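Chemist: Just a sequence and a predicted model for now, questions to come.
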Number of protein chains: 2
Amino acid sequence: MKKMEMRHTKILELLTEKKKVDVTELSQSLGVSQVTIRKDLDLLEKKGLIIREHGFATLNGEDDMNNRLAYHYEVKQKLAKAACAFIEDGETLMIESGSCCALLAQEIATTKKDVTIITNSSFIADYIRQFPQIKIILLGGEYQKEAQVVVGPMTRRCVEAFFVDKFFIGTDGFSKNTGFTGNDYMRSETVRDMAKQATHVVVITESSKFQQVGLVNLLPTNQVSCVVTDDQIPAESEEYLTLQGITVQKVK
Amino acid sequence: MKKMEMRHTKILELLTEKKKVDVTELSQSLGVSQVTIRKDLDLLEKKGLIIREHGFATLNGEDDMNNRLAYHYEVKQKLAKAACAFIEDGETLMIESGSCCALLAQEIATTKKDVTIITNSSFIADYIRQFPQIKIILLGGEYQKEAQVVVGPMTRRCVEAFFVDKFFIGTDGFSKNTGFTGNDYMRSETVRDMAKQATHVVVITESSKFQQVGLVNLLPTNQVSCVVTDDQIPAESEEYLTLQGITVQKVK
DNA sequence: CCTAAAAAGTTGCGTTTGAAATTTAAATAT
DNA sequence: ATATTTAAATTTCAAACGCAACTTTTTAGG
């Protein structure tokens, strides 16, 4: 990794931990000039990850979603790029909420043409609305304020109007017994509703999730076609998934 | 109007016109210290109307919606407060997109309890998501990026699941011949779809709209129950509306 | 009308900022 | 390997900043 990227990663880590870092401090602890730190922070702000203020920076808005974007940003970015390679110009696809999915949406928006994205996440709709190449269908439903997604019976009725080839989701955990798991009941149910309308479900997730199990059932293994993750996935998990006929795409 | 409010109004006007104003300039042309101007700008930023930067300020994000919020902010705020008086705690209502409607939603969110807002505007959903007292139903549909609203057949199917007492909308123009008019075909159609599901339609609009006519039909006069506007509404329009059985609520 | 309290505005000072010019380091081609 | 180009980091300085202490103006009650 390049020097600058490392510094950016370090800054984001510090920020995730301490919520606030100031320029003077960063400059000293990272051994570069204040001007350099300012440029770093400006770049990170341009990416929408942090907010610059006079003398310091904070994570973007204490917002749940933005914090999750900043956390392990570089890895998630790579996962998004890898997943994006599956997508053709002109395709219509579904994306669920989640930080990796948001980055995927952004990657699609900046590299593909005439793609239609169907999503239950108004965060994602907002996140990529500046890119004219992409058409967005926003599903309706009960609005979950923290996650900025819609869920519930209306969302199911909305999504039933569509049928697509690929559906991209995140996950909060995995085990052989449970399959993929989530942490929110309503959101997980909505994911299952959406999955019914897609030929292939692609899970995009950091490998760390393979060492965790979520609170509620999300999707059984046999409904997933492909997993995009990083190379730290436990060998055991990878073998098991492959054995179940799932393509495991590793990055980095 | 108080001195400070007048300065704020002036700043917003300048900003709407010039897109960018700097502290030094404002300080001179308004005859107050730079510190005072900075405090003004900080306040306006806290309201989400502008964005502060080093040495100057701009309108919030060149974003269509935010610009419209800043334009005639004080009047719109009053209209919102007046419209909010019609609403009871615990009520379920529908709100369409539009700057006055966004301010109404905020007013509801800060003064009412247990209100459910059904809307096709993800801007509004996002705008008030920090307030826990309010439940939001976000309708689905084709996403219009600039306006941050959903429209189209899916929106109609979504809204058909509800029936409410009051539906609040804005307008882009009015005349005796045309009734209320809009500037966007799809959005206007969606408003009509939503209006079918409400007993009373309330139009919230600056009086200046009574001197304009929009591009497309929005709603005929006989489908509107009430108009909330400011006291600059032409007497002729007011009389006509009253004669048609519409309650005209004037503020200020 | 007057007085007390709150709000609005100013002054002064040490710190942080953006911008431009310059040096250093890294990538790419020869 | 070495030259060429490009990107990254530093230095410098006037302008802008936040903060806190102070003064003026509004507001509201006796």
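Modeler: Okay, I see it.

Chemist: Pull out the buried positions in the host helix or strand of residue A:248.
Modeler: Residue A:248 belongs to strand A:247-251 when assigned by DSSP states H and E. Of the residues in strand A:247-251, A:248, A:249, A:251 count as buried by neighbour count, 16 or more other Cβ atoms under 10 Å in any protein chain shown. All C-beta spots, glycine's among them, are computed from the backbone N, C-alpha and C.

Chemist: Which of those residues sits closest to DNA strand D?
Modeler: Comparing the buried residues of strand A:247-251 against DNA strand D with Cβ to the nearest atom of the strand places residue A:251 closest, at 21.4 Å.

Chemist: quick one: contacts for that closest one?
Modeler: The neighbours of residue A:251, taking Cβ atoms under 8 Å, 6 or more residues apart in numbering or on different chains as the test, are A:75, A:78, A:79, A:81, A:82, A:228, A:229, A:230, A:231.

Chemist: again, only using 6 Å
Modeler: The neighbourhood of residue A:251, defined by Cβ atoms under 6 Å, 6 or more residues apart in numbering or on different chains, consists of A:78, A:79, A:82, A:230.

Chemist: Distance check, it against residue B:117.
Modeler: Going from residue A:251 to residue B:117 by Cβ to Cβ, to the nearest Å gives 42 Å.

Chemist: per-domain residue ranges of chain A.
Modeler: Using automatic domain parsing, the domain parsing of chain A gives A:3-70, A:78-251.

Chemist: any idea which of these is most buried?
Modeler: With neighbours defined as mean count of other Cβ atoms under 10 Å in any protein chain shown, those peak in mean count at domain A:78-251, which reaches a mean of 20.

Chemist: How far off centre is that one?
Modeler: Domain A:78-251 sits 8 Å away from the centroid of its parent chain (Cα atoms, centre = their mean, to the nearest Å).

Chemist: Check the average confidence over it, would you?
Modeler: Across domain A:78-251, the average pLDDT comes to 96.

Chemist: Residue A:134 against residue A:109, yeah?
Modeler: Yes: judged on Cβ atoms under 6 Å, residue A:134 makes contact with residue A:109 at a distance of 4.8 Å.

Chemist: Which residues are in contact with each of the two?
Modeler: Common contacts of residue A:134 and residue A:109 (Cβ under 6 Å, 6+ apart): residue A:128.

Chemist: that's a strand at residue A:129, yeah?
Modeler: No: applying DSSP: H, G, I helix; E, B strand; the rest coil, one finds residue A:129 to be coil, outside a strand.

Chemist: Need the nearest residue in space to residue A:219, chain neighbours excluded.
Modeler: residue A:180 (4.8 Å; Cβ to Cβ, 6 or more residues apart in numbering or on different chains).

Chemist: beta partners for the one you found?
Modeler: residue A:174, residue A:219 (DSSP bridges).

Chemist: Next: residue A:229.
Modeler: Counting by DSSP bridges, residue A:229 forms beta bridges with residue A:250.

Chemist: re the thing from before, and the domains of chain A: which comes nearest residue B:170?
Modeler: domain A:78-251 (20.6 Å; Cβ to Cβ).

Chemist: Quick check: end-to-end length of that closest one?
Modeler: Using Cα to Cα, to the nearest Å, the end-to-end distance of domain A:78-251 comes to 7 Å.

Chemist: Turn the contacts of residue A:251 into JSON lines, including distance to DNA strand C and secondary structure.
Modeler: Shown next, in JSON lines, are the contacts of residue A:251 (distance: Cβ to the nearest atom of the strand, whole Å; DSSP: H, G, I helix; E, B strand; the rest coil):
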{"residue": "A:78", "distance to DNA strand C": "17", "secondary structure": "helix"}
{"residue": "A:79", "distance to DNA strand C": "23", "secondary structure": "helix"}
{"residue": "A:82", "distance to DNA strand C": "21", "secondary structure": "helix"}
{"residue": "A:230", "distance to DNA strand C": "22", "secondary structure": "strand"}
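
Chemist: and the two most separated of the residues you listed?
Modeler: Most distant of the contacts of residue A:251, by Cβ to Cβ, are A:82 and A:230, 9.3 Å apart.

Chemist: ok, now which ones touch residue A:21?
Modeler: With contacts defined as Cβ under 6 Å, 6+ apart, the neighbours of residue A:21 are A:14, A:15, A:57.

Chemist: Chain neighbours aside, what residue packs nearest to the second one?
Modeler: So that's residue A:15. Closest residue to residue A:15 apart from its sequence neighbours, by Cβ to Cβ, 6+ apart: residue A:59 at 5.3 Å.

Chemist: I figured the one you found hits residue A:67, correct?
Modeler: Yes: using Cβ under 6 Å, residue A:59 is in contact with residue A:67, at 5.3 Å.

Chemist: mean confidence score for whichever strand or helix holds residue A:36?
Modeler: Element membership for residue A:36 (DSSP H and E) is helix A:34-46. Across helix A:34-46, pLDDT averages out at 94.

Chemist: Contacts for it, please.
Modeler: By Cβ under 6 Å, 6+ apart, the residues outside helix A:34-46 that reach it are A:7, A:8, A:23, A:26, A:27, A:50, A:52, A:57.

Chemist: if we take those, which one ends up nearest to chain B?
Modeler: Closest approach between those and chain B, by Cβ to the nearest Cβ: residue A:52, at 9.4 Å.

Chemist: Over to that closest one. Which of the three states is it?
Modeler: Assigned with three-state DSSP, residue A:52 falls in the strand class.

Chemist: Check what pLDDT it gets.
Modeler: With respect to pLDDT, residue A:52 scores 93.

Chemist: From residue B:63, how far out is it?
Modeler: For residue A:52 relative to residue B:63 (Cβ to Cβ), the value is 19 Å.

Chemist: Please apply the same query to residue A:104.
Modeler: As defined by Cβ to Cβ, residue A:104 lies at a distance of 24 Å from residue B:63.

Chemist: Residue A:75 too?
Modeler: Going from residue A:75 to residue B:63 by Cβ to Cβ gives 31 Å.

Chemist: what does residue A:64 give?
Modeler: According to Cβ to Cβ, residue A:64 stands 22 Å off from residue B:63.

Chemist: For the closest residue to chain B within the stretch 1-150 of chain A, which non-adjacent residue is spatially closest?
Modeler: Closest to chain B within the stretch 1-150 of chain A is residue A:140: 2.8 Å, counting by Cβ to the nearest Cβ. Of all residues not flanking residue A:140 in the chain, residue B:140 sits nearest, at 2.8 Å (Cβ to Cβ, 6+ apart).

Chemist: ok, now residue A:113?
Modeler: Once flanking residues are discounted, residue A:113 sits nearest to residue A:89: 4.6 Å by Cβ to Cβ, 6+ apart.

Chemist: wait, is that neighbour part of a helix?
Modeler: No: counting by three-state DSSP, residue A:89 falls outside a helix, being coil.

Chemist: Just list the residues touching it, thanks.
Modeler: Residues in contact with residue A:89 (Cβ under 6 Å, 6+ apart) are A:112, A:113, A:114.

Chemist: hang on, the earlier thing: quickly note the distance from the residue nearest to residue A:15 to DNA strand C.
Modeler: Remark: distance between residue A:59 and DNA strand C (Cβ to the nearest atom of the strand, to the nearest Å) = 16 Å.

Chemist: Could you do residue A:67 as well?
Modeler: Distance of residue A:67 to DNA strand C, computed by Cβ to the nearest atom of the strand: 21 Å.

Chemist: ok, and what's touching the helix or strand that residue falls within?
Modeler: If you go by DSSP H and E, residue A:67 is part of helix A:64-70. Residues from elsewhere that reach helix A:64-70 (Cβ under 6 Å, 6+ apart): A:12, A:49, A:59, A:60, A:99, A:123, A:146.

Chemist: residue contacts, the second one?
Modeler: By that I understand residue A:49. When contacts are counted by Cβ under 6 Å, 6+ apart, residue A:49 touches residue A:70.
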